[in-house]
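Undergrad: Curious how this folds, go ahead:
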Amino acid sequence: MQLQELKQRLAAEAKAAGICSEWYDFILKASSKERLITLFIKGQDFCEENNYPSLELRAEFADIRARFGVYCADDKVAAKSLRSVIAFDRATGKAEYSNFDAATVSARGESEITITAKDNAFVVVSISGGAKVEVIASDNARVSVILHGGECRTQASEQATIKTTDKRK
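TA: Got it, this is the predicted structure:
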């Protein structure tokens, strides 16, 4: 699909879901697919609440998703030190952090992901839907897990800390 048509279809879906006029304009003015995917990453709250964009339009980004840390459908997550990882639909795999990495990981839908944090890494993990996450932290790593749904298993060793906040209640 050509960029202009993609922008028009994304904007129409977003408008139907109630997007604000400012973000609607951002979509229409995007100069590339890369810019569109960064809008998706920044607007994660809207996308999650509205299951946006549709599967058909998500498929249009298959060639660049992994480069931006976005994994969906049946993608295999293989992320190392990515600042942002978003796993949804049925994506499965691993995200690894070390040294002084700082990152956010969002797991939703039916995704299954293992997150390893070591050294002095700091990772914030948001889990929703039916996602299943395993967090393994060691050394001085710090991990903050926010459960909106799904489930999380944790394992910390040495001076590592994992703080879990359950928002499901």
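Undergrad: got a list of what G150 touches?
TA: Neighbour list for G150: A107, R108, I127, S128, G129, G130, A131, K132, V133 [criterion: C-beta atoms under 8 Å, 6 or more residues apart in numbering]. Yep, even glycine has a C-beta here, placed from its N, CA and C like the rest.
Undergrad: which one of those residues sits closest to Q2?
TA: R108 (29.5 Å; C-beta to C-beta).
Undergrad: Could you check how far that closest one is from A59?
TA: 18 Å (C-beta to C-beta, to the nearest Å).
Undergrad: Among these two, which residue is more densely surrounded?
TA: R108 (24 against 14; other C-beta atoms under 10 Å).
Undergrad: list the buried ones in stretch 98-115?
TA: 98, 101, 103-115 (16 or more other C-beta atoms under 10 Å).
Undergrad: coming back round to it: can you add distance to A91 and pLDDT and give the contacts of G150 back as a markdown table?
TA: Compiled in a markdown table, those are given as follows (distance: C-beta to C-beta, whole Å; pLDDT from 0 to 100):
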| residue | distance to A91 | pLDDT |
| --- | --- | --- |
| A107 | 8 | 95 |
| R108 | 9 | 90 |
| I127 | 13 | 96 |
| S128 | 14 | 92 |
| G129 | 12 | 90 |
| G130 | 13 | 94 |
| A131 | 9 | 96 |
| K132 | 11 | 97 |
| V133 | 12 | 98 |
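Undergrad: in this protein, which spans are helices?
TA: 3-16, 21-29, 33-42, 44-50, 55-58 (DSSP state H).
Undergrad: So for A160, which of those sits nearest?
TA: Once the helices of the chain are compared by C-beta to C-beta, helix 44-50 is nearest, at 26.2 Å.
Undergrad: average pLDDT for that closest one?
TA: Mean per-residue pLDDT for helix 44-50: 85.
Undergrad: Tell me how far that helix lies from the chain's centre.
TA: A distance of 11 Å separates the centroid of the chain from that of helix 44-50, by C-alpha atoms, centre = their mean, to the nearest Å.
Undergrad: Which residues are in contact with the residue nearest the centre of the chain?
TA: The chain has I86 as the residue nearest its centroid, 1.5 Å off, counting by C-alpha atoms, centre = their mean. Residues touching I86, when contacts are defined by C-beta under 8 Å, 6+ apart, comprise I41, Q44, G69, V70, Y71, V105, S106, R108.
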